[in-house]
Each structure stands twice: as C-alpha cells, then as structure tokens.
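S.K.: Next comes the sequence, and after it the predicted model I'd like to discuss.
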Amino acid sequence: MNNNRIKNDLTELKLLGKVKSVTETKFCVLGKYGKKQKEDFFIKYIYLFNETGNELEEKKYEAEDSLNTRSIYKLNSNGNKIEIAEYKSDSSLDNKYIYKYDLKGNIVEECFYNSLNNMETKYTCYYDENNNLIERNEYNSEGVLKEKHKLKYDESSNIIEMDWLLSNGIIDSKIVYKNDNNGNMLEYKSYKENGSLINKMTFKYDEFNNEIEENEYNSDNKLICSYTSDYTYDNTGNWVTKKELKNGCLIFITEREIKYY
C-alpha cells in the first residue's frame, strides 16, 4: 500500500519515457524448460496512456483474442482520475469507482458501485501536512464503519507502519515496512494483534527499481518460497521480457510491446 499521490500512472508502473501504450502478454511455461508456445497463453493486458502519462483505458484478455474486461478512465482538468468504469465482454457495466479530491490533489473519497450502479463501499481518506495518507476508513452501503487503516511514514514519505483496525477501534493486525533510498520496499512483516509474527516478505531490486527477488517466510521466520525475476530492457530502460521463477523453476514468461509518442 503506498501514498495516494503519484506523479502519474507511468510513475506507478515504473515506465520511463513518453509511453503511448503497453501490450503485456503472459505465458505459463511451468515444466516446459522455458520453451514458450502459443498454447501457453495465460493472460494479456493492453494499457493506453495520454501524453501526460495518465492511463485512459485498460483491456484484459483471458483468451488470446477474447476480451474479458475493458476499463475506461475519466480524468478531471488536473489529470486526476474521477471515474474508473469496468465493462464486461458484452459491454455491460461490471463495476465502477468514483473519486473525489481535495485542493492539493489528494483522494479524499472513493466509492465503489456494483453492476446495478448501486454503491456498495465507500472509503474516506485523511492526510498529514506532507500529503501522506495517514488514515483510510471503509464504510458499507449503509454508511456503517467496517474497518480502518492508520499509516506512519519516515522522513522520505515512505510507509513504515500500517495498523489494521476493526470498527470498534481495536487493532486487528499490523504491518511494518522497511524501504531503500529509492522508496522500494525491502521488507514486509505482518503481525497479529498480540504482536506475534504472521509472515515476512523480503525484496531485492535491479538498477531500474524492478523487483528481482521476493522471499516469503512463515511465522517461525522459516523460508517457505522464493521468487526471482530476470528482465531484458529496451533502449528507454523499460523491460520488454520478464522471466519469473519459483524456487528456481521457470513458471512464467511475460512479453511487452511498448509504443511511444
């Protein structure tokens, strides 16, 4: 979970340059020694961006030529998303989010609507003087508080702690983060309300700030799973091929076609 304020969508996706579109196709190659075949297709996304780096549309394909969902983004004059509407393959509404902002461009309210255009969930957000999100409350359709998150930050505005509270204000769980100088998460520890460890994750990154290693530990701090990623990059510094391994075994290959303005 990160700060609600980002420079643009390209920044969030760690894409460099004036990107116009990204077509991202993922193939499952488990047990096939890295030999990708057309029938290994797993999922595909197409992202479209405007010239200021904000996302306009997203398409998801669960079969190579079969559209599953299509999301349309509406922006205000400041480039902030005010609506995300997701449509099914038959063009009927699946769900949508409506956003409201303060004068500093922070999201202060987020509402989720179902396919019947009825609001199911509302979130309210509060910020400190550095525009860091410090509290996020979740309400049901009747306006009853369900849960809340409270967040703490370091001097660089990186999240270092998040408390998950029940509607009565009692802490249900806590997450503690460690970050590097680039704001990348290095460690994630989740604790129960009594302070006992639930699990731990550690991360490593390459020079482009893309994740190259993820290790998962159980409550006894024992390593239970390790994921690694290997990338090839284009001349702009964006990855175009990603190989994902689980415990040393190749499981996915993802290919990107990136078009620029």
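M.R.: That came through fine. Source: prediction; values computed, not measured. Numbering: from 1, shown residues only.
S.K.: Can you name every helix or strand that the strand or helix carrying residue 190 contacts?
M.R.: Using DSSP states H and E, residue 190 falls within strand 185-192. When contacts are defined as 3 or more CB pairs under 8 Å, 6 or more residues apart in numbering; DSSP states H and E, strand 185-192 packs onto strand 171-179, strand 197-205. C-beta here means a position set from N, CA and C on the backbone, and glycine is covered the same way.
S.K.: Mind listing what's buried along that strand?
M.R.: Buried positions in strand 185-192, judged by neighbour count with 16 or more other CB atoms under 10 Å: 185, 188-191.
S.K.: First-to-last residue distance for stretch 130-144?
M.R.: 29 Å (CA to CA, to the nearest Å).
S.K.: Go ahead and name everything in contact with that stretch.
M.R.: 3-5, 104, 106, 118-128, 145-153, 157, 167 (CB atoms under 8 Å, 6 or more residues apart in numbering).
S.K.: now with 6 Å?
M.R.: With contact meaning CB atoms under 6 Å, 6 or more residues apart in numbering, stretch 130-144 is reached by 3-5, 104, 106, 119-120, 122-128, 145-151, 153, 157.
S.K.: Give the rounded mean pLDDT of it.
M.R.: In this model, stretch 130-144 has an average pLDDT of 97.
S.K.: Now it: buried residues?
M.R.: For stretch 130-144, burial by neighbour count (16+ other CB under 10 Å) applies to 132-133, 136-139.
S.K.: Walk me through which strands whichever strand or helix holds residue 254 pairs with, and which way each runs.
M.R.: Residue 254 is part of strand 249-260, with elements assigned from DSSP H and E. Strand 249-260 has the following sheet partners, assigned by DSSP bridges: strand 19-28 (antiparallel), strand 239-246 (antiparallel).
S.K.: Outside of the last one itself, list whatever touches it.
M.R.: For strand 239-246, the external contacting residues (CB under 6 Å, 6+ apart) are 227-234, 251-256.
S.K.: cool, the longest one as well?
M.R.: Under the contact criterion CB under 6 Å, 6+ apart, strand 19-28 has outside partners 10, 36, 40, 42-49, 252-261.
S.K.: Buried members of those into ChimeraX, please.
M.R.: Only the buried entries of the contacts of strand 19-28 go into this ChimeraX selection, using 16+ other CB under 10 Å:
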select :10,36,43,44,45,46,47,48,49,252,253,254,255,256,258
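S.K.: how close does the nearest residue to residue 261 once chain neighbours are set aside sit to residue 72?
M.R.: The shortest distance from residue 261 to any residue other than its chain neighbours is 4.2 Å, reached at residue 18 (CB to CB, 6 or more residues apart in numbering). According to CB to CB, to the nearest Å, residue 18 and residue 72 sit 22 Å apart.
S.K.: Please apply the same query to residue 167.
M.R.: 33 Å.
S.K.: can you check residue 51 too?
M.R.: For residue 51, the distance to residue 72 - CB to CB - is 18 Å.
S.K.: These two - which one has more neighbours?
M.R.: Applying other CB atoms under 10 Å to residue 51 and residue 72 shows that residue 72 carries more neighbours, namely 14 against 9.
S.K.: residues near residue 220, how many?
M.R.: That count, for residue 220 with other CB under 10 Å as the rule, works out to 7.
S.K.: ok, now residue 118?
M.R.: Residue 118, neighbours per other CB under 10 Å, totals 8.
S.K.: dump the residue contacts of it.
M.R.: No residues are in contact with residue 118 under the rule CB under 6 Å, 6+ apart.
S.K.: before we move on, what about residue 251?
M.R.: Contacts of residue 251 by CB under 6 Å, 6+ apart are 30, 244.
S.K.: so what pLDDT did residue 77 get?
M.R.: For residue 77, pLDDT reads 92.
S.K.: try the one 5 residues further on
M.R.: For residue 82, the pLDDT comes out at 97.
S.K.: again, but for residue 29
M.R.: pLDDT, read off for residue 29, is 86.
S.K.: tell me which element residue 44 falls in.
M.R.: Applying DSSP H and E, one finds residue 44 within strand 41-49.
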